[in-house]
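J.: Dropping the sequence and predicted coords here.
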Amino acid sequence: MSSTRIVIVDDHPLFRKALNQALAASLQTAEIIEAGSLDELTAKLAADSAVDLVLLDLSMPGVQGLSGLLFLRAQHPEIPVVVVSASEDPGTIRGAIGFGASGYVPKSQPVDRIRTAVRKVLNGEIWVPPDVDLSAQAKEASELVARLSTLTPQQVRVLMMLGEGLLNKQIAYRLGVSEATIKAHVSAILQKLGVDSRTQAVIAINKIDSGDWQRAAS
């Protein structure tokens, strides 16, 4: 695996280092890169997207729940993603796989199991804890996954910022585009999600971030 490149994305430096060391001991020839935020990961991938695997935490500043995964999958669908999270909720695990993650590893798992999960995903397999039933996802959750998966990366970013309570002009400033562009994105988001207002769109993204959308399936 001399050409294998893995990016660990987590805002806790100690956890990143520990995971880096654990994987390095198992994949001696792999190049392991660290990023402390989704923005840092985005910048690294913009500079060089030749990455074989991203290990992504769900909860970081500016990112909660599955919205970060949704953004990453929309932006780089070709890169496998394994969620490494403190959450062990079966609904969240099913949601992550539904949004295109290739694996989900709770941080409580033993080091050997984390190594096994990474090796299996690098070999093209899907890995989740053995006690999680991926077939139990609720119909409503499946429909929301399908709708959200049609959003472009920029639309996902706008939706995430709507969830933060930002106004169109604030989002436009952050993204360096015109307010008219943001209005167009919001209109497209509402259409794709099948909702009538930005309030309903915010409710949808907040459900993803809180895990409420999956509670019925857990």
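T.: Cool, got the structure. Numbering: from 1, shown residues only.
J.: Show me where the chain has its strands.
T.: Taking DSSP state E as the test, the strands found in the chain are 5-9, 31-35, 53-56, 81-85, 103-106.
J.: Direction included, what does the first one pair against?
T.: When sheet partners are counted by DSSP bridges, strand 5-9 sits next to strand 31-35 (parallel), strand 53-56 (parallel).
J.: a markdown table for these, including mean neighbour count?
T.: All C-beta spots, glycine's among them, are computed from the backbone N, C-alpha and C. Below are the strands paired with strand 5-9 laid out as a markdown table (neighbours: other C-beta atoms under 10 Å):
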| stretch | mean neighbour count |
| --- | --- |
| strand 31-35 | 18 |
| strand 53-56 | 25 |
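J.: which one of those strands lies closest to A188?
T.: strand 53-56 (25.5 Å; C-beta to C-beta).
J.: can you list contacts of the closest one?
T.: With contacts defined as C-beta atoms under 8 Å, 6 or more residues apart in numbering, strand 53-56 is touched by 4-10, 19, 41, 68-69, 72, 79-84, 101-102, 118, 121-122.
J.: Which among the residues you listed count as buried?
T.: 4-10, 19, 41, 68-69, 72, 79-84, 101-102, 118, 121-122 (16 or more other C-beta atoms under 10 Å).
J.: Report the buried residues of stretch 55-65.
T.: Applying 16+ other C-beta under 10 Å to stretch 55-65 flags 55-58, 60, 63-65 as buried.
J.: what does stretch 193-204 give?
T.: 193, 195, 201-202, 204.
J.: Can you list which of those residues are found in helices?
T.: Judged by DSSP state H, the buried residues of stretch 193-204 include 193, 201-202, 204 as members of helices.
J.: These into TSV, with extra columns for pLDDT and distance to E88?
T.: Below are those laid out as TSV (pLDDT from 0 to 100; distance: C-beta to C-beta, whole Å):
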residue	pLDDT	distance to E88
L193	90	28
A201	87	29
V202	83	27
A204	77	24
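J.: closest to M161 among those?
T.: V202 (10.1 Å).
J.: Contacts only, for that closest one.
T.: 162-163, 165.
J.: if we go to 10 Å?
T.: 159, 162-165, 195 (C-beta atoms under 10 Å, 6 or more residues apart in numbering).
J.: From those, keep the buried residues only.
T.: 159, 162-163, 195.
J.: Show me which pair in those residues is furthest apart.
T.: The span of the buried ones among the contacts of V202, defined through C-beta to C-beta, is set by G163 and V195 at 13.5 Å.
J.: pLDDT at the residue lying farthest from the centre of the chain, what is it?
T.: Within the chain, A180 marks the point farthest from the mean C-alpha position, 27.8 Å out by C-alpha atoms, centre = their mean. On pLDDT, A180 comes in at 95.
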